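In: One predicted model, sequence on top.
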Amino acid sequence: MAELIDGKQLAKKLNAETKVAVDELKASGITPKLVVIIVGGDGASEIYVRNKHRKAEQLGIISEVTRLSATISQAELLEVIETYNQDDSVHGILVQSPLPSHIDEPTITRAITPTKDVDGFNPVNVGKLYTHSALNFPVSCTPKGIMTMLKAYHVPTAGKNAVIVGRSNIVGRPMAALLLNASATVTVVHSQTKDMKAYTREADILVVATGIPHLITGADIKPGATVIDVGMDRDEEGHLTGDVEFESANQVAGKLTPVPGGVGPMTIATLMQQTVELAKWSE
């Protein structure tokens, strides 16, 4: 049986540290502020935004949610973002995905000034990540949270084989850069990889982020490997499940994140941590 990586407990600990950092900043005259912009009424987005807002308020972070019509033009949305870019009281700006089809997401990502890019998606920050910059900069929250989990559970990275299943800009690519920066030997596999599972079976650290329920089973995992399941999927009965088939993986892996209660809580906790870091760096 694998040791389960408890994302809920780790998030609770990280949030407690963030609360202390918020109180210290407030004592120095700075109150961290996060602005979340949501365009249209996507149900899942509303839930995510509500959870972020609630957590920010609990930690003493000012949270402002700006709701815009799904019919807003791209130019109008860019104007809203620029207003917050110019507002010195705002430390983090996030535009919730997905956006309506008439709005070009990369253009919106580039519009958020890099020093307020709390999601770490601006190409300037991505460049700093890939060049292993020593400067302060934000990083995509889910991969950053995963690195916190690996450290908390004493998972060594230097010289280890790390395999990432999925190549999205949100998880796969930044995860690869973070693990490379931590001296792992990194392989990224995806839908076009021939015999993908030949690679997963060699991984000391396996990160799965595809959105395909139960893509990876215990037979695809190296005995004793650390398995990080980023998937948040629904099975045929509508139950929340991951990209990794939990029961079989639990028999083989050394360490394993459950779904729910693994990576998910750490993503929001990392978003809060990073909002406070941006506020610190703005001093």
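Out: Thanks, I have the structure now. Numbering: from 1, shown residues only.
In: Remind me which helix or strand residue 53 belongs to.
Out: helix 43-59 (DSSP states H and E).
In: mind listing what's buried in that helix?
Out: Of all the residues in helix 43-59, those buried under the rule 16 or more other Cβ atoms under 10 Å are 45, 48, 49, 52, 53, 55, 56, 59. In this view, the C-beta of every residue, glycine as well, is placed from N, C-alpha and C.
In: With distance to residue 273 and pLDDT added, can I get the residues you listed in CSV?
Out: As requested, the buried residues of helix 43-59 are exported to CSV (distance: Cβ to Cβ, whole Å; pLDDT from 0 to 100):
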residue, distance to residue 273, pLDDT
45, 22, 84
48, 17, 87
49, 18, 91
52, 13, 93
53, 16, 95
55, 11, 97
56, 11, 97
59, 9, 98
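In: I'd like the distance between residue 90 and residue 228.
Out: Counting by Cβ to Cβ, to the nearest Å, the gap between residue 90 and residue 228 amounts to 32 Å.
In: who's in contact with the helix or strand of the chain with the lowest mean pLDDT?
Out: Taking mean pLDDT, DSSP states H and E as the measure, strand 233-234 is the helix or strand of the chain with the lowest mean score, a mean of 87. Applying Cβ atoms under 8 Å, 6 or more residues apart in numbering, the contact partners of strand 233-234 are 211, 212, 213, 240, 241, 242, 243, 259.
In: Just the buried ones among those, please.
Out: For those, a burial check counting by 16+ other Cβ under 10 Å picks out 213, 241, 242, 243, 259.
In: quick one: which of those residues sit in helices?
Out: Per DSSP state H, helices hold no members of the buried ones among the contacts of strand 233-234.
In: that older thread, can you add distance to residue 133 and give the buried residues of helix 43-59 back as TSV?
Out: Below are these laid out as TSV (distance: Cβ to Cβ, whole Å):
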residue	distance to residue 133
45	31
48	29
49	30
52	27
53	31
55	28
56	27
59	27
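In: and the two most separated of those?
Out: Spatial extent of the buried residues of helix 43-59 (Cβ to Cβ) is set by the pair 45 and 59 at 21.4 Å.
In: and residue 119, how many neighbours does it have?
Out: When neighbours are defined as other Cβ atoms under 10 Å, residue 119 has 22 of them.
In: Quick check, pLDDT for it.
Out: With respect to pLDDT, residue 119 scores 97.
In: Could you shift the numbering so residue one becomes 60, and keep it that way?
Out: With the count now opening at 60, the last piece we talked about shows up as residue 178.
In: And it, which helix or strand is it part of?
Out: Element membership for residue 178 (DSSP H and E) is empty, with no helix or strand holding it.
In: taking the contacts of strand 292-293 one by one, which sit in strands?
Out: The strands in this structure, assigned by DSSP state E, contain 299, 300 from these.
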